[in-house]
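Have a look at this fold, sequence not included:
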């Protein structure tokens, strides 16, 4: 058995495979999460805008660490935090494409966008 990461419980190969894909949100769903709203928002997909940002991040980053930091910086610097906690927005994240288009989102929106970019 391969040595794993004590924090995540994943082997080095599993972590590498997970970090190498932009569809890591599928792993979140596979961990037993029962949050149907998160899965529904993720299923809406990122759309063309998210794909363009992800390609730009991938093109500029020389290493995997560079790409991860660029994705984090994009979400931190380019997406303003704004929480509108009324109705479904209080528990269901918006799609990553709408967050990029609006350039704002709450913590759920920003977290889902980051996962989609990775």
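Done, it's in. What you see is a predicted model; the values in this text were computed from it and never measured.

does residue 83 sit in a helix, a strand or a coil?
At residue 83 the chain is in coil, as set by DSSP: H, G, I helix; E, B strand; the rest coil.

Count residues in the vicinity of it, would you?
13 (other CB atoms under 10 Å). C-beta: built from backbone N, CA, C; applies to glycine.

looking at this protein, which helix or strand is least sure?
Within the chain, no helix or strand scores below helix 25-30, which has a mean of 45 by mean pLDDT, DSSP states H and E.

Could you list the low-pLDDT ranges of the chain?
Applying pLDDT under 70 to the chain picks out residues 1-46.

Sketch out the helices for it, chain order is fine.
12-19, 25-30, 36-43, 47-60, 64-78, 96-102, 107-117 (DSSP state H).

So which elements touch the last one?
Yep, that's helix 107-117 we're talking about. helix 25-30, helix 36-43, helix 47-60, helix 64-78, helix 96-102 (3 or more CB pairs under 8 Å, 6 or more residues apart in numbering; DSSP states H and E).

Any buried residues in that helix, and which?
Within helix 107-117, the residues that qualify as buried are 108-110, 112-117, counting by 16 or more other CB atoms under 10 Å.

Closest to residue 53 out of these?
residue 117 (6.4 Å; CB to CB).

Not counting its neighbours along the chain, what's nearest that closest one?
residue 71 (4.3 Å; CB to CB, 6 or more residues apart in numbering).

what do you get for residue 83?
The nearest residue in space to residue 83 (CB to CB, 6+ apart) is residue 106, at 3.9 Å.
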